[in-house]
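S.K.: got a structure for you, letters missing:
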């Protein structure tokens, strides 16, 4: 996250809902990064899927379900 287009979350934020889907066997989005994600994306949702880095290939059904649920309007 350190070089995500901006280095300082206090300068820029994405204020709309954002979805992060991570594989629990991947080290690309460690637990330590979650507070920083929350600073850049204050309305983020996180979905953990029992997979490696290539979640969409390893668990396509679970990935699709996560995205559809995120995009489905809440009543």
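M.R.: Cool, the structure landed. Being a predicted model, the structure only gives us computed values, none of them experimental.
S.K.: from now on I want contacts and neighbour counts done on CA atoms only, so please keep to that.
M.R.: Fine.
S.K.: how about residue 48: what's its closest non-neighbour residue?
M.R.: Distances taken as C-alpha to C-alpha, 6 or more residues apart in numbering place residue 22 nearest to residue 48, at 5.2 Å, with adjacent residues excluded.
S.K.: check residue 38 too.
M.R.: Closest residue in space to residue 38, ignoring its immediate chain neighbours: residue 44 at 6.6 Å, by C-alpha to C-alpha, 6+ apart.
S.K.: which residues does that neighbour bridge with?
M.R.: Beta-bridge partners recorded for residue 44 (DSSP bridges): residue 18.
S.K.: how many residues are close by residue 21?
M.R.: Per other C-alpha atoms under 10 Å, the neighbour tally for residue 21 reads 17.
S.K.: how about residue 63?
M.R.: 19.
S.K.: contact partners for the spatially most central residue of the chain?
M.R.: Using C-alpha atoms, centre = their mean, the residue of the chain that lies closest to the mean C-alpha position is residue 20, 1.2 Å off. Residues near residue 20 by C-alpha atoms under 8 Å, 6 or more residues apart in numbering: 44-47.
S.K.: redo that, cut-off 10 Å
M.R.: 29, 34, 37, 41, 44-48, 66-67 (C-alpha atoms under 10 Å, 6 or more residues apart in numbering).
S.K.: that one in helix, strand or coil?
M.R.: strand (DSSP: H, G, I helix; E, B strand; the rest coil).
S.K.: sorry, back to before: so how far is residue 75 from the residue nearest to residue 48?
M.R.: Residue 22 sits 26 Å away from residue 75, taking C-alpha to C-alpha, to the nearest Å as the criterion.
S.K.: and if you look at residue 50?
M.R.: The gap separating residue 50 from residue 75 is 29 Å, by C-alpha to C-alpha.
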